[in-house]
Each structure stands twice: as C-alpha cells, then as structure tokens.
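Colleague: My questions concern the predicted model and sequence given below.
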Amino acid sequence: MIPAASSFAQEAPAPSQTNQQDAIGVAPPAGYTTLFNGRDLTGWRGRPHLDPRTEAGWDEATRQTQQAAWDAQVAEHWSVDNGEIVNDGQGAYLTTLEEFEDFELLLEYKTVAKADSGIYLRNNPQVQIWDTTEAGGKWNIGADKGSGGLFNNQKHAKDPLVLADKPFGEWNQLRILMVGARVSVWLNDKQTVDWTPMENYFDRSAPMFRSGPIQLQTHGGEIRFRNLFVRRVTADEANWLLSSQDAEGFQPVFNGLDFSGWAGPTDNYVVEAGTIRCKAGAGGTIYTEAEYGDFDLRFEFRLPPGGNNGLAIRYPGSGDAAYGAMCELQVLDNTHPKYANLKDWQFHGSVYGQKAAHRGFLRPVGAWNFQHVRVQGSRITVELNGTVILDQDLAEIESPPSGREHPGRTRTRGHFGFAGHNDPVAFKEIHMRELPSAR
C-alpha cells in the first residue's frame, strides 16, 4: 500500500485547510505547482471525450477548427466564481495545456444531486465522481460503491475500496498518484484505489498512455473545483514507489560488492557503486549459480546511448540465451539511430525472436529504469516503469516471427543472467522472489 504521503514530498498543510476567504490565489503546498490561478482559466483548454490518437492524426487546420469549437463550449459552460472553477454539467471537458507522465494531483470538488463526473488521467477515463445516493438513480452501475474508483477498468479493480463521499454541499478532497499505469487514490483521506493499473479505455489491447493532460469531466449537473495542485514524480521517486509495493519475499541475488553467487565471464563485467556493468567492447552471459523455475524479478537498469544487453531467462549455463534459454528479454536503447531498422521483436522488453513488446515506455537515456519480470510456467510478463509492456504465454506461439527455432523456450528451470553485447549497460537492486510452480 502506498503511504498516506510520499517520503519524497515535503510536509505541508493540505489545501483543504485553507480558509474560504483565502481561496483566490492560494499558494500550493511545498513541492507542488498550481493548475488554477483562482481568477481565470489560463492554462486550460476545452477537449471532449476523445481518443488522443485521433486528435494526434489531425492536420493543423482541423486541429485549430476543432479547438475553437471546444473552447467556445468552455466559454459557455465553464466559469470562475470566488476562486472556484464552476461547470453547469455540459460542454467540453476542461483540459490542462500541460501534459504529465508520473504525477501526484491534489484537488477539491463539490457537486450536486444527479451529477456524474470524473477526472481523466492522461486523456483516459477516469477517477469517478458520483451522486452516491439511491435517489441519484445509478446504483445499478455502481454509484452505491462511492466515488474515487477507476470506473472504466474491466480486467483490474474498478470499484473504490471504501465509500468516502461527503454529503452534498461539502467539499471533497481527492489525492491521485500515478506512476506508469499504476494509480492510487485517496478520497477525504481514505484510500479508494491501491496501486491498481488503469486500463486504456480506447484500446484494451494496448497499455495506458505514457503521458497526457488532466481533464475535468462534466456530465449532468453542476460541479465546482478548487485548489488544484500537481507535482511531477521524479524517476528516483517512481523507482522507490515501484520497488516498495508487494515487496515481501524478494531477496537480493547481487550483493552490490562483488560477483559472489555468479558464474560465467564475470571478467567482462565490473562491479562499482552497487551496480553490475558490462565493460565497453566486452560481453557474454553472466548468470546466477542458483537455478530458478517460476519467479518474480525486480531490478533497475541504465542504458548508455545505443546500449544493448538482455535478460537470460532459465539459462542452461552455456550457449546463446536467445535460443538455448527459455528466452532472452531485450534490454536496449531502441531510440538510437543505429537501430532504425529493428524488427518489432527486437525492441526493449521483447522476447527476442518470439514476441514484440509495446514501445515508448523507456526513460531518457542515462536515467535509471525500473523493471519487473514475472516468469510463471510458460508465461512471461514484463512491466517497465509501472506499465505492462509484454504479457505472453510462449507455449501459444506456434511460429516464432524470427523464422528460427528457439529450442530452449520449453525449459522449466535454469539460471538467470545478463547477456552483454559490448555496451556498458548497468544494473542494480536486483531482487528475485521464487513463486509456486504454475504446473
């Protein structure tokens, strides 16, 4: 469970403690910036419920025409009253001009009977806001469960953990934390969502969008917002949050000091400052002396420009991991120009030669990334920086797209290792947790 306040955020009075007479021009808590200046809608635009890929495909003339129409709806249906954003229940949604990747959002809202609203995260619906009373007429679709849930989820939890809404006429406080696709929500200091993946409403086969604006949804009744503050979550904080969840049972497989417990061409790697790093111009597969069947793996890695390495999964101790092991999972700076002509199954996180991973979720070159790999039976799941980029049962692949045989993919046990390819890719905080066999 995410703590009530991240240790990376500075202590500050909650915005809900601000006196009403001070509502206009409220200073944000330490570490946050304001999304609303209390006087006008500077920094916001109109935008409806719309797949962002559709908008991204428009030419500039279409975009300008559509935006003018949306902004006209904002002018008609949105206003500012005594430091509060007010919507009459109609019109395009109020949307930040800024886009966000990992972030923490604080806001307060007050709504009326029959209203139905929500907060879109990176253009995606939504953290739900309800009229939770029976008279509101929506108990049949979950309003009785309360606000603060991920209403549009299908695979993962959609309902809030508790009913935390205040009565009409009172201000509700929302805190939303988002890292990758994972979301935690607190409504009136009660946690309603606990580190749950938010699903891509517009394409269930694709991951959640990496970045996008925050939208205030309007639907069916007046709603007021105030004290909207945001802070961007750094890569270091995101990695800490990702590593601290569901951490029970993980054990280090690298002591940070030397190659104790490792075998293979360790002379081609170096240990320094708690990291394992492949030497430039060297490579080969180093691997744990221990063997593993089903397991969870967590680690951080840092890519140099054009860096190339791989994860040897259930490795036999010799040979090419891409073929002799269950698989090699790509670790690659696929943004580098020298990789302009990669096959889709060569991008980062892919099962080399067998299954392509979703792209676009690596941090900039030189930053530390966090990755979680689960190997259970013949299924492999890869979560990069909080977003699942691959989930594949290798037994279901009838014909590998590489056009080659991968005889090791039926292996049920083996070593874990790093398959270096001449680049100084670095790894740290390498932890594993053995799982009960799926067979």
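Modeller: Structure's in. What do you need? Model, not experiment: these values are computed from the prediction. Numbers count the residues shown, from 1 in each chain.

Colleague: Can you tell me how far the most centrally placed residue in the chain is from L329?
Modeller: With distances taken as CA atoms, centre = their mean, G180 lies nearest the centre of the chain, 1.1 Å away. According to CB to CB, to the nearest Å, G180 and L329 sit 18 Å apart. Backbone N, C-alpha and C define where each C-beta goes, glycine included.

Colleague: repeat for F299
Modeller: 11 Å.

Colleague: Looks to me like Q67 is in a helix.
Modeller: Yes - under DSSP: H, G, I helix; E, B strand; the rest coil, Q67 falls within a helix.

Colleague: thought it was touching R45?
Modeller: Yes - here Q67 reaches R45: they are 6.6 Å apart, a contact under CB atoms under 8 Å.

Colleague: hmm, back to that, neighbour count for F299 and L329, which is higher?
Modeller: Higher neighbour count among F299 and L329: L329, with 29 against 22, using other CB atoms under 10 Å.

Colleague: got the contact list for the more buried one?
Modeller: The neighbours of L329, taking CB atoms under 8 Å, 6 or more residues apart in numbering as the test, are G310, L311, I313, G349, S350, V351, Y352, V373, I380, V382.

Colleague: Among those, name the ones in helices.
Modeller: Among those, no member falls in helices (DSSP state H).

Colleague: Tell me the one among these nearest to E248.
Modeller: Distances from E248 to those, taken as CB to CB, are shortest for V373 (17.6 Å).

Colleague: Which strand residues bridge the nearest residue to the closest one once chain neighbours are set aside?
Modeller: By the measure of CB to CB, 6 or more residues apart in numbering, the closest residue to V373 outside its immediate chain neighbours is L297, 4.4 Å from it. Per DSSP bridges, the residues bridged to L297 are V373, M432.

Colleague: Hmm, F427 and L297 touching each other?
Modeller: No - taking contacts as CB under 8 Å, L297 lies outside contact range of F427: 10.9 Å.

Colleague: Not counting sequence-adjacent ones, nearest residue to R409?
Modeller: L394 (5.0 Å).

Colleague: Touching, that neighbour and T412? I think so.
Modeller: No - contact criterion CB under 8 Å: L394 and T412 do not qualify, at 11.5 Å.

Colleague: Which one of the two is surrounded by more residues?
Modeller: Each of L394 and T412 has its neighbours counted (other CB under 10 Å); L394 has more, 20 against 13.

Colleague: measure the more buried one to G310 for me?
Modeller: From L394 to G310 the distance is 16 Å (CB to CB).

Colleague: tell me the strands in the stretch 251-400 of the chain, going along the chain?
Modeller: Using DSSP state E, counting those that start in this stretch, the strands assigned to the stretch 251-400 of the chain run over residues 251-252, 262-263, 269-272, 275-278, 283-292, 295-302, 308-315, 327-332, 368-376, 379-384, 387-393.

Colleague: Any idea which of those strands gets closest to E84?
Modeller: Each of the strands of the stretch 251-400 of the chain was scored for nearness to E84 using CB to CB, and the closest is strand 387-393 (34.6 Å).

Colleague: immediately after that closest one, which helix or strand?
Modeller: The helix or strand immediately downstream of strand 387-393 is strand 414-421, counting by DSSP states H and E.

Colleague: packing partners for that next one?
Modeller: Applying 3 or more CB pairs under 8 Å, 6 or more residues apart in numbering; DSSP states H and E, one finds that strand 414-421 contacts strand 275-278, strand 283-292, strand 308-315, helix 321-324.

Colleague: Enumerate the positions of it that are buried.
Modeller: Under the neighbour-count criterion of 16 or more other CB atoms under 10 Å, strand 414-421 has G414, H415, F416, G417, F418, A419, G420 buried.

Colleague: Domain-wise, how is this protein divided?
Modeller: Structural domains assigned to the chain are 15-232, 246-434, following automatic domain parsing.

Colleague: Quick one, which of those gets closest to W240.
Modeller: Nearest of these to W240, taken as CB to CB: domain 246-434 at 9.0 Å.

Colleague: how far does that closest one stretch from start to finish?
Modeller: Using CA to CA, to the nearest Å, the end-to-end distance of domain 246-434 comes out at 14 Å.

Colleague: how distant is it from the center of its chain?
Modeller: 20 Å (CA atoms, centre = their mean, to the nearest Å).

Colleague: which residues touch the spatially closest residue to H348 that is not a sequence neighbour?
Modeller: Residue nearest to H348 in three dimensions, not counting chain neighbours: L332, with 4.7 Å by CB to CB, 6+ apart. Residues near L332 by CB under 8 Å, 6+ apart: L303, G307, N308, N309, G310, Y339, Q346, F347, H348.

Colleague: Compute the number of surrounding residues for T335.
Modeller: By other CB under 10 Å, 17 other residues sit near T335.

Colleague: what does the one 4 residues further on give?
Modeller: One way to gauge burial is a neighbour count; for Y339, by other CB under 10 Å, it gives 15.

Colleague: Test my guess that it contacts H348.
Modeller: No - assessed by CB under 8 Å, Y339 is found out of contact with H348, at 10.0 Å.

Colleague: Quick check: neighbours shared by those two?
Modeller: Residues within reach of Y339 and of H348 at once, by CB under 8 Å, 6+ apart, are L332, D333.

Colleague: Show me where the stretch 101-250 of the chain has its strands.
Modeller: 103-111, 117-121, 124-129, 172-179, 182-187, 190-197, 214-217, 223-232.

Colleague: Turn these into a markdown table, columns for distance to W262, mean pLDDT and mean neighbour count.
Modeller: Below are the strands of the stretch 101-250 of the chain laid out as a markdown table (distance: least, CB to CB, whole Å; pLDDT from 0 to 100; neighbours: other CB atoms under 10 Å):
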| stretch | distance to W262 | mean pLDDT | mean neighbour count |
| --- | --- | --- | --- |
| strand 103-111 | 38 | 97 | 22 |
| strand 117-121 | 41 | 96 | 23 |
| strand 124-129 | 42 | 97 | 23 |
| strand 172-179 | 31 | 98 | 22 |
| strand 182-187 | 31 | 98 | 24 |
| strand 190-197 | 32 | 98 | 20 |
| strand 214-217 | 45 | 98 | 24 |
| strand 223-232 | 37 | 97 | 22 |
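
Colleague: Nearest to P265, out of those strands?
Modeller: strand 172-179 (35.8 Å).

Colleague: Give me the sheet partners of the closest one and which way each runs.
Modeller: With DSSP bridges as the test, strand 172-179 pairs up with strand 103-111 (antiparallel), strand 182-187 (antiparallel).

Colleague: what's the angle between that strand and strand 368-376?
Modeller: Angle, strand 172-179 to strand 368-376, by axes from the mean of the first three to the mean of the last three CA atoms, to 10 degrees: 80 degrees.

Colleague: Now do strand 172-179: everything it contacts.
Modeller: With CB under 8 Å, 6+ apart as the criterion, strand 172-179 contacts 2, 6, 14-16, 100, 102-110, 119, 121-122, 127, 129, 147-148, 165-166, 183-189, 198, 233, 238, 241-242, 385-386.

Colleague: Nothing else from me, thank you.
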